[in-house]
Each structure stands twice: as structure tokens, then as C-alpha cells.
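Asks: take a look and give me a structure for this.
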Amino acid sequence: MSKVIQTCWLMGLTLLLGCQQEIPSKTNSLSQIDSTPLQVIEWRLATSWPKNLAGLGMAPERFAQLVNKMSNGRLVINVYGAGELMPALSVFDAVSNGTIEMAHSAAYYWKEKAPAAQFFSSIPFGLTAQQMNAWLHYGGGMELWEEVYQPFGILPLAGGNTGMQMGGWFNKIIATPEDFKGLKMRLPGIGGEVFKKLGGIPVTALAGRELYGALQTGAIDAAEWVGPYNDLPLGLDQVAKYYYYPGWHEPGSTMEFLINKQAFSTLPDDLQAIVKVAARAINQDMLDDYTQGHIAAMDILLNEHHVQVKPFPNAVIRALKQARNEVLDHEAAKDVLFNKVLESYIANEKSVKRYFSYTEDALSRFELDAQQQE
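Replies: Numbering: from 1, shown residues only. Now for the predicted structure:
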């Protein structure tokens, strides 16, 4: 790690907790001493989320604040929520063609442009947040991600994680795999393809704010969004009877910062390092935010809203896992790059799950057995 990166990383850790909601002034102490004004660079960052949405929406805001402080006001990033500059799912093309310098979104939205992109958000029964970060930063994942986005002139950076999600909101009991047949559910990415293989009808073109109305009118029968932290404010418990778990489709959903490579290349070395280190800090900060947010929101859903929380039966989970393997094999046969990323991902998945069977998973099994014996 270079001295510039080391210095910026220490600055990022120190400054992250002190970020304020308002972006500091471009004026800085050095410019008051030196009569030569510092060059201020302004970027625009568009997101796929409502402005200031808890978790997803706040991550890019905190990123911009951190970059501003670490750069002493030399790099100012103006953040725009979904719909302010462009539709939520237009941000990839906007970064690619240089309309904006940055975006914050999720890689599985771009499966039609680059099928392999889906591995860098979350795939069914895949890596958790901790495991995903290990693969990306020390297991070769980032190099593959950069390769997938290279034709689009985009540099990707991990931009946060929601942690393991819930299985979704349903208005019917799911007792067997056959209960998915004909069911319309908001479910993107490879998870949607798995659901489709079991006879379900995945609906992908629905934003979070549209889910309440879609469930209320019967336009969809079920929906997943994120988890308690974001689901509670949407009021989904008011229009769906059952909250299922676990979130088989997204065990660790990584978000992304998209950066126009040409714009990035024009930044001085120290500002490039600041952008990367700030993104790395926010990647962890967002997971911390979601973990505590999910805990608090679930308490409210259970104790105040009296939501019926149900597990998917083992037979359903087994059928979903089998369908996942079939979908991945089918996609790999069609796309060389998808297959290349799949091989790396699956090799890592097998190794990390074997190790976790001796550590976190073993402890969880012990605690569960102890609870059942009480």
C-alpha cells in the first residue's frame, strides 16, 4: 500500500465519525495563508435511491462529506437522489457516457448490459457481507469487477452492504415450492431468475416507494425490498400478512460506486487515493448502519406492529438452492465472462463456507441447540 493510500486511510478513519450533514465550505485554512487559491473540482453523483433514504441514500451523502473533508475542499461531490437528475436506473449509462462523474447503485441492475455484473451485488445462497468484502479486496473479485466494467469506461468501487436481507413480504403461506407458481413478486437479479424457474413471475421494474401501492392493489402478490430498516418506513407490513426469512436471494448485498474512468484519470494522485479510501470507509460504515438499523426496526415490527414472521420450509429452501445451481450453469454456458467470474466466485464460496462451518456457523448452531434445550 503506497504512503498516499496509507495517509488517506488514516484520515478517512479519523474523519468518518465526524462528518456533518452539511458539506463544508470550499474555503480552507491553506488558502487563507497562501494567496494562491486552490483549484476546486466539482463532480456530480446520481443515485438509484430516494434522497437521504436511510442506509442506501445516506451512504453517498456521507461519502461526499468525507471526500470534501479529506481533500480540504478541493473535491466537492454534489449528490442527487433518484429522479433529481435522471431516472434511478439510468445512472450506469450516464456515468459511462460522461454525463455525470459518479453514481451509487447496485450491480445486479445491469444484468442486460453485463450478465456477470450480478456477482458484484449478491447472488442466491452466496457470500455474506464479510465474505464478499474478503473476496473483492483480497480474493481477486475487484480485478474481475473492473474487467466486467472496462468496456463501459467505468471504474467500480464497493459502496456499502445491507447485510443479509429478509425473504420478503407475502400475502399467502409458502408451504411448498409449488406455492411459488403464478406468484408475482418484486425480485431482481439472479434471484428473480431462480424464482422464475420454480414457476414464479419476477417483477423487476418497481422502485421501493412503489411497493406499497403495488401490494395494496394486487399488482404484485409479494415483494422484497431490503430488510426491516427500509421496509418499516415503507409500511409494507400494512399491505402484506407474512414476513418470511431467510433472504436466500441476497445474503450480502453489496452496493457500488460507479466512476467515469476518464474523469477519474484527470484527478491528481492524492485525490484519486482519497476517493478510493473514502469509498472503502463508507463500504464498512453502511454495513454498520444497516446492522444496527435492522435490529431496531425488527424490534418495532415484532413488538409494536405484531408482524407474523415465518421461515421458509426446508423443502422450499432446497428447491431454491437447486434452481440457483441450474440458473448459474445455464447463464455460464451463454457468456464467457460470466463463466470466468462464476468460477472464481464459486471457488471462494466453497472455501469460505467450509471455514465458517468451523467458526461463526459452528457457534450459531451451538447457541441454537442451547436455546432449544432451555
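Asks: pLDDT wise, what is Gln20 at?
Replies: pLDDT recorded at Gln20 is 42.
Asks: CA atoms only: put stretch 208-224 into PDB for me.
Replies: Extracted in PDB, the C-alpha atoms of stretch 208-224 (Å, rounded to 0.1, in the frame of the first residue of the first chain):
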ATOM      1  CA  GLY A 208     -39.100   0.900  -3.300                       C
ATOM      2  CA  ARG A 209     -41.700   3.700  -3.000                       C
ATOM      3  CA  GLU A 210     -43.900   1.800  -5.400                       C
ATOM      4  CA  LEU A 211     -44.200  -1.400  -3.500                       C
ATOM      5  CA  TYR A 212     -46.900  -0.300  -1.000                       C
ATOM      6  CA  GLY A 213     -49.300   0.600  -3.800                       C
ATOM      7  CA  ALA A 214     -48.400  -2.500  -5.900                       C
ATOM      8  CA  LEU A 215     -49.100  -4.800  -3.000                       C
ATOM      9  CA  GLN A 216     -52.300  -2.900  -1.900                       C
ATOM     10  CA  THR A 217     -53.800  -3.100  -5.400                       C
ATOM     11  CA  GLY A 218     -52.700  -6.700  -6.100                       C
ATOM     12  CA  ALA A 219     -50.500  -5.700  -9.000                       C
ATOM     13  CA  ILE A 220     -47.900  -8.000  -7.200                       C
ATOM     14  CA  ASP A 221     -48.500 -10.700  -4.700                       C
ATOM     15  CA  ALA A 222     -45.200 -10.400  -2.800                       C
ATOM     16  CA  ALA A 223     -42.200  -8.200  -2.600                       C
ATOM     17  CA  GLU A 224     -38.700  -8.000  -1.200                       C
END
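Asks: can you list contacts of it?
Replies: The contact list for stretch 208-224, computed with CB atoms under 8 Å, 6 or more residues apart in numbering, reads 49-50, 53, 165-172, 183-187, 203, 206, 225-226, 230, 234-236, 238-240, 247, 249-250. Heads up, the C-betas are built off the backbone N, CA and C, glycines and all.
Asks: how does it look with 7 Å?
Replies: 50, 165-171, 183-187, 203, 206, 225, 230, 234-236, 239-240, 249 (CB atoms under 7 Å, 6 or more residues apart in numbering).
Asks: can you pull the phi and psi angles for Gly168?
Replies: phi 120, psi 170 (degrees, to the nearest 10).
Asks: residues near it, how many?
Replies: Here the count is done by other CB atoms under 10 Å, and Gly168 has 26 residues near it.
Asks: list the residues that contact it.
Replies: Met185, Ala222, Ala223, Glu224, Tyr244.
Asks: mind listing the residues bridging to it?
Replies: Tyr244 (DSSP bridges).
Asks: do you know how far it is from Phe180?
Replies: 11 Å (CB to CB, to the nearest Å).
Asks: tabulate the contacts of Gly168 (TSV), appending distance to Ile317 and pLDDT.
Replies: Putting those into TSV (distance: CB to CB, whole Å; pLDDT from 0 to 100) gives the following:
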residue	distance to Ile317	pLDDT
Met185	16	97
Ala222	16	97
Ala223	19	97
Glu224	15	95
Tyr244	11	98
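Asks: is it true that Met185 touches Pro202?
Replies: Yes - the pair Met185 / Pro202 is scored as a contact, 6.3 Å apart, by CB atoms under 7 Å.
Asks: in the protein, which spans are helices?
Replies: With DSSP state H as the criterion, the chain has helices at 3-16, 29-33, 58-70, 91-96, 129-138, 141-149, 189-197, 211-217, 228-234, 261-265, 269-303, 314-334, 336-358, 360-373.
Asks: can you list the weak-confidence ranges in the protein?
Replies: The chain contains residues with pLDDT under 70 at 1-36.
Asks: dump the residue contacts of Ala332.
Replies: With CB under 7 Å, 6+ apart, Ala332 has these contacts: Phe338, Asn339, Leu342.
Asks: leaving out chain neighbours, which residue sits closest to it?
Replies: Nearest residue to Ala332 in three dimensions, chain neighbours excluded: Asn339, at 4.0 Å (CB to CB, 6 or more residues apart in numbering).
Asks: quick revisit: nearest to Ala114, out of the contacts of Gly168: which one, please.
Replies: Glu224 (23.0 Å; CB to CB).
Asks: number of nearby residues for Thr217?
Replies: Quick note: Thr217 (other CB under 10 Å) scores 9 neighbours.
Asks: how long is stretch 80-89 from one end to the other?
Replies: End-to-end distance of stretch 80-89: 13 Å, with CA to CA, to the nearest Å as the criterion.
Asks: nope, stretch 67-75 is what I was after
Replies: OK, stretch 67-75 end separation, CA to CA: 7 Å.
Asks: how far does it sit from the chain's center?
Replies: 25 Å (CA atoms, centre = their mean, to the nearest Å).
Asks: ok so, going back, would a markdown table of the contacts of Ala332 with neighbour count and distance to Leu368 be doable?
Replies: Output for the contacts of Ala332, formatted as a markdown table (neighbours: other CB atoms under 10 Å; distance: CB to CB, whole Å):
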| residue | neighbour count | distance to Leu368 |
| --- | --- | --- |
| Phe338 | 21 | 36 |
| Asn339 | 16 | 37 |
| Leu342 | 19 | 32 |
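Asks: can you put these in JSON lines and add distance to Thr266?
Replies: Formatted as JSON lines, the contacts of Ala332 follow (distance: CB to CB, whole Å):
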{"residue": "Phe338", "distance to Thr266": "32"}
{"residue": "Asn339", "distance to Thr266": "35"}
{"residue": "Leu342", "distance to Thr266": "35"}
